[in-house]
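Colleague: What follows is a predicted structure for the sequence shown.
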Amino acid sequence: MSLAAGIDVGGTKCLGVVIDEHGTVVREVRKPTPTADRLVETLASIVRELGDHASIGLGVPGLISRDGIIRSSPNMITAIEFPVREQLSQALRKPVWCDNDATCAALAEWQRGAGVGSRDMWMVTLGTGIGGGLVSGGALQHGAHGHAGEVGHMVVQANGDECPCGQRGCWERYASGAGLSQLAGGIAGEEVIARVRGGDVASGEVLDEYSEWVALGLANIANMSDPDTIVIGGGVMQNADILLPRIQERFATMLYAPNHRVHPVLKAAQLGERAGAIGAALLHLHD
Ligand SMILES: [Zn+2]
């Protein structure tokens, strides 16, 4: 049996998994994300605790170049121009594959989740920010420098809200999980949705407005690259039953020439919080 290890380096925790040839998680290790100076040591200890496996992949937030250098990572401020691939490979004396965490999640959903069978797929993750990854013509896309899919920072509002990235009006300011809370005046997204389920009209209006922001970005994505499928993940999509129809309704009218084309199918992600780690484990097959 061929086993592959993958680690998703998150803002607060590192999640390591070992998957079998069917993509099933057979082992799992979690550790808090350390500061950059202890990152390699922590990752190496996760790899050792994961036990026997044939390959190691790493999913990292922010900009990571194709040669495995973390250029900039908002959740790890100290990890700038940090050659994580080379250092981890040296520590373990093994090759290591690296990519952006959202690209890893897209790979996992495409190969083992909601995107199975798609040839042109986007995945967006509505979390603290918005991550994105894409498959085009049946191949995972990295871009010329490894930075493809950063749709969270697509500007949807000129002179809009300030984004930690330094720009204004980025899509993730409005359509991330955190964006829902902001639209609701600081009420947690889960609470907004609970109130909608309870029949609260004002919360329903907030969720309608949020759905419109999500749909706006998805329509831009679809107009740009004509995917057959868009997979939507992140914590808010645990409420896909209430959220997805709202997004779908607005998306269908925002798309360019909606009555004269096949619409991409919008689907809820299936792999949950393990998508990034599973995708990292699959990277060695899709370099
Ligand atoms: Zn931004």
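Modeller: That came in fine, so what should we check first?
Colleague: any idea which helix or strand comes after the helix or strand bottoming out on mean pLDDT in the chain?
Modeller: Least confident helix or strand of the chain, by mean pLDDT, DSSP states H and E, is strand 70-72 with a mean of 84. Using DSSP states H and E, the helix or strand that directly follows strand 70-72 along the chain is helix 84-92.
Colleague: Which strands and helices lie in contact with the next helix or strand after that next one?
Modeller: Next helix or strand after helix 84-92 toward the C-terminus (DSSP H and E): strand 96-100. With contacts defined as 3 or more CB pairs under 8 Å, 6 or more residues apart in numbering; DSSP states H and E, the packing partners of strand 96-100 are strand 55-60, strand 63-64, helix 84-92, helix 275-282. Heads up, the C-betas are built off the backbone N, CA and C, glycines and all.
Colleague: Give the buried residues for stretch 93-101.
Modeller: 96-101 (16 or more other CB atoms under 10 Å).
Colleague: can you list contacts of the helix ranked longest in the chain?
Modeller: Selection of the longest helix in the chain by residue count, based on DSSP state H, yields helix 201-225. When contacts are defined by CB atoms under 8 Å, 6 or more residues apart in numbering, helix 201-225 is touched by residues 120, 122, 124, 126, 130, 132, 134, 136, 151, 154, 156, 171, 174-175, 179-180, 183-184, 192-193, 195-196, 227, 230, 232, 242-243, 246-251, 254-256, 263-264, 266.
Colleague: picking up where we left off before, would you format the buried residues of stretch 93-101 as JSON lines with distance to G16 included?
Modeller: Shown next, in JSON lines, are these (distance: CB to CB, whole Å):
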{"residue": "V96", "distance to G16": "13"}
{"residue": "W97", "distance to G16": "14"}
{"residue": "C98", "distance to G16": "14"}
{"residue": "D99", "distance to G16": "16"}
{"residue": "N100", "distance to G16": "17"}
{"residue": "D101", "distance to G16": "13"}
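Colleague: export these to TSV and tack on distance to the ion?
Modeller: What follows is the buried residues of stretch 93-101, written out as TSV (distance: CB to the ion, whole Å):
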residue	distance to the ion
V96	29
W97	27
C98	23
D99	20
N100	15
D101	16
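Colleague: Need the distance between the two termini of stretch 60-72.
Modeller: End-to-end distance of stretch 60-72 (CA to CA, to the nearest Å): 10 Å.
Colleague: which element follows whichever strand or helix holds E249 toward the C-terminus?
Modeller: Using DSSP H and E, E249 sits in helix 240-254. Later in the chain than helix 240-254, the nearest helix or strand by DSSP H and E is strand 265-268.
Colleague: Can you give me the neighbour number for R48?
Modeller: 10 (other CB atoms under 10 Å).
Colleague: try I69
Modeller: Residues within reach of I69, counting by other CB under 10 Å, total 18.
Colleague: Now it: closest residue in space, sequence neighbours ignored.
Modeller: In space, and not counting its chain neighbours, I69 is closest to P83: 4.9 Å by CB to CB, 6 or more residues apart in numbering.
Colleague: Tell me who's in contact with the residue nearest the centre of the chain.
Modeller: A centroid search over the chain (CA atoms, centre = their mean) returns A102, at 3.2 Å, as the residue closest to the centre. By CB under 8 Å, 6+ apart, A102 lies in contact with 123-125, 131-133, 149, 276.
Colleague: Give me the buried entries from those.
Modeller: Using 16+ other CB under 10 Å, the buried members of those are 123-125, 131-133, 149, 276.
Colleague: can you narrow those to ones near the ion?
Modeller: With CB under 5 Å from the ion as the criterion, the buried ones among the contacts of A102 include none near the ion.
Colleague: how about the nearest residue to the residue of the stretch 1-150 of the chain found nearest the ion, chain neighbours excluded?
Modeller: The stretch 1-150 of the chain approaches the ion most closely through G129 (7.9 Å), counting by CB to the ion. Spatial nearest neighbour of G129, chain neighbours left out: E172 (4.4 Å); criterion: CB to CB, 6+ apart.
Colleague: okay, now that neighbour: neighbour count?
Modeller: E172: 29 surrounding residues under other CB under 10 Å.
Colleague: Which pLDDT value does the model give the residue nearest to I69?
Modeller: At P83, the predicted lDDT confidence score is 91.
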